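**Q** Whatever this is, show me its structure:
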Amino acid sequence: MAIEQSGFSQSLEAGADLSAKQFYACKLDSNGKAVLCVAGESLTAGVCLGMPAAGEAASFGVVGLFQVVLGGNVNAGAKIEVNASGQFITQSSGKAAGVAQEGGASGNIITALILPQM
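**A** So this is what the prediction gives:
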């Protein structure tokens, strides 16, 4: 069961429509606004905790236990990274974004310890 025990989060303006991207990985764009991460990018904004439209503010989980959306099968204890859709997958060659606290399949929402590597 996915839980959230927030560590550090920040409020940011969405630089794109993230209303359907709750619990997805986000980065900062060149204007300092939050946009969706794609494969190989660092999780610089955090995990989107709300459902903001472009221009709206929302909270983004930076470090701590947060819910995340999976883009593939992940085992508990596995290091995770971001895929091309901003979802979390088992780390293979990208930058680690954290550690899965429980297992799940694509589309599941699980708890992960977010510890992004720059």
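**Q** who touches the residue most central in space within the chain in this structure?
**A** Centroid check for the chain by CA atoms, centre = their mean gives Ala25 as the closest residue, at 2.8 Å. Applying CB atoms under 8 Å, 6 or more residues apart in numbering to Ala25 gives the contacts 36-37, 43, 47-48, 68, 82, 86-88, 97. Glycine gets a C-beta too; all of them are placed from N, C-alpha and C.
**Q** Quick one: end-to-end length of stretch 81-97, please.
**A** 5 Å (CA to CA, to the nearest Å).
**Q** taking the mean pLDDT, what do you get for it?
**A** Stretch 81-97 shows a mean pLDDT of 94.
**Q** ok, now stretch 8-20?
**A** Averaged across stretch 8-20, pLDDT comes to 96.
**Q** got the buried residues for it?
**A** For stretch 8-20, the neighbour count (16 or more other CB atoms under 10 Å) marks 9, 12, 14-16, 18 as buried.
**Q** can you give me phi and psi for the residue nearest to the centre of the chain?
**A** With angles defined as degrees, to the nearest 10, Ala25 sits at phi -80, psi 140.
**Q** what bridges to it?
**A** Using DSSP bridges, the bridge partners assigned to Ala25 are Val47.
**Q** what about the strands in this protein?
**A** 5-13, 25-28, 34-36, 46-48, 57-69, 79-82, 88-90, 98-100, 109-114 (DSSP state E).
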